[in-house]
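Visitor: need a structure here:
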Amino acid sequence: MTAASALSRENRFDIDPKPTPFTVRASQKVHGGIAAGAALVAVGFGASASTSPTGILRWIAAAAFAVLAVICARALTVGDMLVADTVGIRLRIGNEWIGTRWEDIEEVTVLQRRHFLDDGRIAVHLLDPGPVLGAMPSSSRKTTDANRRLTGSSLAVPFGLTARPSNGEVVQALHMLADARCPVREQL
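Guide: Numbering: from 1, shown residues only. Just a heads-up that it's a prediction; the model follows:
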């Protein structure tokens, strides 16, 4: 008798594995490439600004590309934009985390990516969004208002070219984590 055969069947084969947390985070490769490229272009415009008769325009272009480089470099440090686990979903809106339990969610809708340049979206529709949205600072409320106008939900996170989900099967992963406490639907 071997050690493996001495274990009970449930211990040898994990028939119902625990779902792993699902995350959406900024794409390190895309943001890093854009930050490096924008920084190089900013340096090029800055270096040529003093030798050109249109120097002020080149300084303006250098400043614009430097700002783009800083924004993309900041995106490298942000980390997760959405974390879903067996307890609920947490979303990052600006610098604020907004979390809710699965029981407080009316439904989660997922818009899949249609092509390479298209972004998908995960929208969280709360049963009572008032207390959650009311407790947020005004800067985050501006973002959630813009989300509501664009997507129909105040709490929405895009994924696609610049943000990568941890699991390619977004609907299935969220459905497993919700465990019938709220519906997870694919938006067509």
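Visitor: just list the residues touching G55, thanks.
Guide: Each residue near G55 by C-beta atoms under 8 Å, 6 or more residues apart in numbering is listed here: A49. Backbone N, C-alpha and C define where each C-beta goes, glycine included.
Visitor: give me the distance between it and A62.
Guide: According to C-beta to C-beta, to the nearest Å, G55 stands 10 Å off from A62.
Visitor: what is in contact with the two at once?
Guide: A49.
Visitor: can you spell out which helices and strands pack onto whatever helix or strand T23 lives in?
Guide: Following DSSP states H and E, one finds T23 within strand 22-26. If you count contacts as 3 or more C-beta pairs under 8 Å, 6 or more residues apart in numbering; DSSP states H and E, strand 22-26 packs onto helix 55-78, strand 80-84, strand 163-165, helix 170-178.
Visitor: could I get those as TSV with distance to R90?
Guide: Shown next, in TSV, are those (distance: least, C-beta to C-beta, whole Å):
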stretch	distance to R90
helix 55-78	14
strand 80-84	5
strand 163-165	15
helix 170-178	12
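Visitor: and those as a markdown table, adding mean pLDDT?
Guide: Below are the helices and strands packed on strand 22-26 laid out as a markdown table (pLDDT from 0 to 100):
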| stretch | mean pLDDT |
| --- | --- |
| helix 55-78 | 89 |
| strand 80-84 | 88 |
| strand 163-165 | 84 |
| helix 170-178 | 87 |
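Visitor: so for V108, which of these sits nearest?
Guide: Comparison of the helices and strands packed on strand 22-26 against V108 by C-beta to C-beta identifies helix 170-178 as nearest, at 5.8 Å.
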